[in-house]
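K.L.:
Generate coordinates for the sequence data below:
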Amino acid sequence: MTAIEDRILIKTIGREQNRIAFVRDVFEEPERVIALASAAKYAAASKAYPGVRAPVDKDVAMLVKSAILAAVRALLAAEISELAGGLHYSIVTQPPFDRRGIARMPHTDGSTGALMAAVLYLNRGPHGGTGFFRHRGTGFERITDDRKPFYDTVVKLEQAQLVRSTSIAPDLHHPCYTRIATAKPVFNSMVVYPGAILHSGDIDRTAPIPLDARNGRLTINAFLTPAL
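P.N.:
Below is the predicted model:
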């Protein structure tokens, strides 16, 4: 297999020119990782994630962190010495729509500029990748600490208006956001991006969501802070 640096592609997205990284062929033996994920003990995650999670095996975590470190160095054009944070096997178990058929809102993993996030796709089914979005009301694509108070205020007003609306038909996209890019769920590939970028999992509402690691929407998710 080629060096990890040769398997990284950097793309610039949106009006704000945020940079995200794609890493292909992360594992030499992805089926071994899926077997480990199948044997893991899953539990309900936070309200922000529509599914269950389990800790990643130590040797797998080390390999994934190494790939993320190379991607973050390329993204930031900086010599990053280490990454602090955790990794989880994740399986989606909930539909992507609320009771009124409105797609769940794009979100960030944190507004602190240093936080980096990664999604490594380990499913071959039609379960979707990751979308990146612009908030129409503010024009923001990245919610930093200085933007967050204004953004939160606008979103609160929009959500109150949506609750009163009865004219919204079910759709893959939330009516208050515009998609600016998509990370396709290429098997054994990974997308790495600043955690403050608005994003959302692309969960196909027409396909059933199997609740097991081999057939469901299995990913490895990471939330890491680089040390310069």
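
K.L.:
C-alpha from now on. contacts and neighbour counts both.
P.N.:
OK.

K.L.:
Stretch 183-195: how far from the chain's middle?
P.N.:
Centre-to-centre, stretch 183-195 and its host chain are 8 Å apart (C-alpha atoms, centre = their mean, to the nearest Å).

K.L.:
Contacts for it, please.
P.N.:
Applying C-alpha atoms under 8 Å, 6 or more residues apart in numbering, the contact partners of stretch 183-195 are 19-27, 30, 68, 71-72, 108-124, 128-131, 223.

K.L.:
if we go to 7 Å?
P.N.:
Residues from elsewhere that reach stretch 183-195, judged by C-alpha atoms under 7 Å, 6 or more residues apart in numbering: 20-27, 30, 68, 71, 108-110, 115-124, 128-131.

K.L.:
which among those residues end up buried?
P.N.:
20-27, 68, 71, 108-110, 115-124, 128-131 (16 or more other C-alpha atoms under 10 Å).

K.L.:
Now, the contacts of stretch 183-195 that are in helices?
P.N.:
Taking DSSP state H, the ones among the contacts of stretch 183-195 that sit in helices are 30, 68, 71.

K.L.:
Now, the buried ones among the contacts of stretch 183-195 that are in strands?
P.N.:
Cross-referencing those against strands under DSSP state E gives 20-23, 116-121, 130-131.

K.L.:
Return the member of the ones in helices among the contacts of stretch 183-195 nearest to Met62.
P.N.:
For those, the residue nearest Met62 by C-alpha to C-alpha is Ile68; the value is 9.9 Å.

K.L.:
who touches that closest one in this structure?
P.N.:
The neighbours of Ile68, taking C-alpha under 7 Å, 6+ apart as the test, are Val192.

K.L.:
how does it look with 10 Å?
P.N.:
Residues in contact with Ile68 (C-alpha atoms under 10 Å, 6 or more residues apart in numbering) are 4, 8, 21-23, 26, 62, 74, 83, 116-119, 190-193, 222, 224.
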